[in-house]
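>>> sequence-free structure coming up:
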């Protein structure tokens, strides 16, 4: 790490300034990196009061934020971090176009499956990196994000083996203190995370607003969570990813240790916001169907979530 | 916060590079502050590999550390942060003398009671600030500190009301992301922390190596913890500090929420290191006696700890 050079004039854009975008953007900006935020509802609050990250271990205040209302004003960047909710993906292509130079890298930190493919469909697959965020955040007011737990990032290439530019991007995070690792197989890691998100984010909402501890405490829900997990692992394998079945045991054990955790989907649901149904449940279900596999529990959960989301 | 100026050439010395000194020193140095570490057993490892802080949410690597074997080489500083174990207090006066200029502030982040008084006895009481660290750390190898939880600092004046220089020191921490608050009554806060440390750090060791969850799960130990807490609160009040008795309920509730926590005293004990008996149990017991108060449970616990420590 010590011999790695600081990249000169490495311009970073944050597109999607919800909790994830504001958090990682603030971490980079606080450490003096050249970060530019596309903001909408938070624009005025951030211009006035800056950006704040609050947690038990760390409070960050970025007083002067490079805030913009359009990506045209930001202009070309070296790295575009995409963190909009997947329900807004259709708005992304014209926004991102203004930020791209010949070598611009696009890193999506969005949830679920299909986001790298979506971006690759509009831009070049060559440019795309994906990242998984292991973090519990809540944007409590404009420009203010609370971090409750964790903070780790895992990033990988959308296509092919890790290249030097992937390590450069990891280093941008690491030098700012973010726990960031490079993964060799991004798709496999997305499925590993889905094996947790599909049961625990879904049941949290369909069972009536439960945290992880409450799901585990109910025998029926606990069993259902395990079945959903097994089904997800089976889909991953049907799609050609080698996700060991033992992952389920490991994930259940970790869930027991994490205490009462409220998933981002539950927080969205309680706040009356749209859920990321297609990215987390819909796309994996379609992958199962494309692989000729039945996924009855996932299908049932998906339908329940669609109904709930439409009723809101 | 935004209008506060960065102090030019504000030199900081860290005396006592155990977990606490390395952690807060690394946080300041990582953010580019002018920090100078007095190191002993960690000197060579830190010169070779730098300083590392590891946690779930943040990994910090300070590659180039200002490391010294003597305080004479460090020379005058604006702020001296004292973080040696209280069992080594007698070594401090000659070490600190080399660091003092006319206006140098000394901030002790040590555990328990009597440290500010000790420093004030050797230097001027005017210079002394004290801080409480709400953090769970472990120095896992030379130059490497793991943070398990928390991170908050609370700092106050040893004598008199908060002065601008106290806020300046708090700002030094805050700008580096450390959660740091200024307390109006440092002694009261020390007693509030002791009301927790006296029972939970002590029983962890005398009951045979238990974390907080194991203490709470045992009815006898739980009751004893409450009695020790009540006794500590009574001593604080006998000494003229207004510590509400309801503090006990609040602390017990928080302990239940924190899960299985291993106190620093337990970690020291398991590692075969000397325990900070006088600072955490001896001095409060002497204060009780000076105030003409009986503290039978504290006295018993103190005697048990002294015997255990001598047997190691």
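Nice, I can see it. Since this is a predicted model, take the numbers as computed values, not measurements. Numbering: from 1, shown residues only, chains lettered A, B, ... in the order given.

>>> Count the residues that sit near residue A:162.
By the criterion of other C-beta atoms under 10 Å in any protein chain shown, residue A:162 has 17 neighbours. Where you see a C-beta, it was placed from the backbone N, CA and C, and this is true even at glycine.

>>> so what's it up against?
A:156, A:182, A:184 (C-beta atoms under 8 Å, 6 or more residues apart in numbering or on different chains).

>>> Would you map the helices across the stretch 201-312 of chain A?
Taking DSSP state H, counting those that start in this stretch as the criterion, the stretch 201-312 of chain A carries its helices at A:212-217, A:219-238, A:247-257, A:264-270, A:277, A:283-290, A:296-311.

>>> Identify the residues contacting whichever residue of the stretch 201-312 of chain A sits closest to chain B.
In the stretch 201-312 of chain A, the residue that lies nearest chain B is residue A:259 (6.7 Å; C-beta to the nearest C-beta). Listed by C-beta under 8 Å, 6+ apart, the contact partners of residue A:259 are A:212, A:213, B:259.

>>> Looking at those residues, which has the smallest pLDDT value?
Lowest in pLDDT among these is residue B:259, which has 81.

>>> returning to that earlier point: looking at the contacts of residue A:162, which is nearest residue B:312?
Using C-beta to C-beta, residue A:182 comes nearest to residue B:312 of the contacts of residue A:162, at 44.3 Å.

>>> Around that closest one, count how many other residues there are.
Neighbour count for residue A:182, taken as other C-beta under 10 Å: 17.

>>> can you check residue A:164 too?
7.

>>> Show residues contacting the helix or strand of chain A with the lowest mean pLDDT.
Ranked by mean pLDDT, DSSP states H and E, the helix or strand of chain A with the weakest confidence is helix A:264-270, at a mean of 91. For helix A:264-270, the external contacting residues (C-beta under 8 Å, 6+ apart) are A:19, A:111, A:136-138, A:197, A:201-202, A:204-205, A:209-211, A:274-276, A:280, A:308, A:312.

>>> same deal with stretch A:205-224?
A:199-200, A:203-204, A:225, A:255-256, A:258-263, A:265-266, A:269-270, A:275, A:297, A:301, A:304-305, A:308.

>>> ok, of the residues you listed, which come out buried?
Neighbour-count burial (16 or more other C-beta atoms under 10 Å in any protein chain shown) is assigned, among these, to A:199-200, A:203-204, A:225, A:255, A:258, A:261-263, A:265-266, A:269, A:275, A:297, A:301, A:304-305.

>>> which one is whichever residue of the stretch 1-150 of chain A sits closest to chain B nearest to, not counting chain neighbours?
Closest to chain B within the stretch 1-150 of chain A is residue A:57: 3.2 Å, counting by C-beta to the nearest C-beta. Distances taken as C-beta to C-beta, 6 or more residues apart in numbering or on different chains put residue B:151 closest to residue A:57, at 3.2 Å, once the chain neighbours are dropped.

>>> Doesn't the one you found belong to a strand?
Yes. According to DSSP: H, G, I helix; E, B strand; the rest coil, residue B:151 belongs to a strand.

>>> I'd assumed residue B:135 was in contact with it.
Yes. In this structure, residue B:151 is within contact of residue B:135 by C-beta atoms under 8 Å, at 5.1 Å.

>>> neighbour-wise, which of the two wins?
residue B:151 (25 against 22).

>>> what residues are up against the more buried one?
Residue B:151 makes contacts with A:56, A:57, A:58, B:134, B:135, B:178, B:179, as judged by C-beta under 8 Å, 6+ apart.

>>> if I pick the second one, what's in contact with it?
In other words, residue A:57. Applying C-beta under 8 Å, 6+ apart to residue A:57 gives the contacts B:55, B:57, B:58, B:135, B:147, B:149, B:150, B:151, B:152, B:179.

>>> same thing but at 10 Å, please
For residue A:57, the contact set (C-beta atoms under 10 Å, 6 or more residues apart in numbering or on different chains) comprises A:147, A:151, B:27, B:55-58, B:134-136, B:147, B:149-152, B:177-179.
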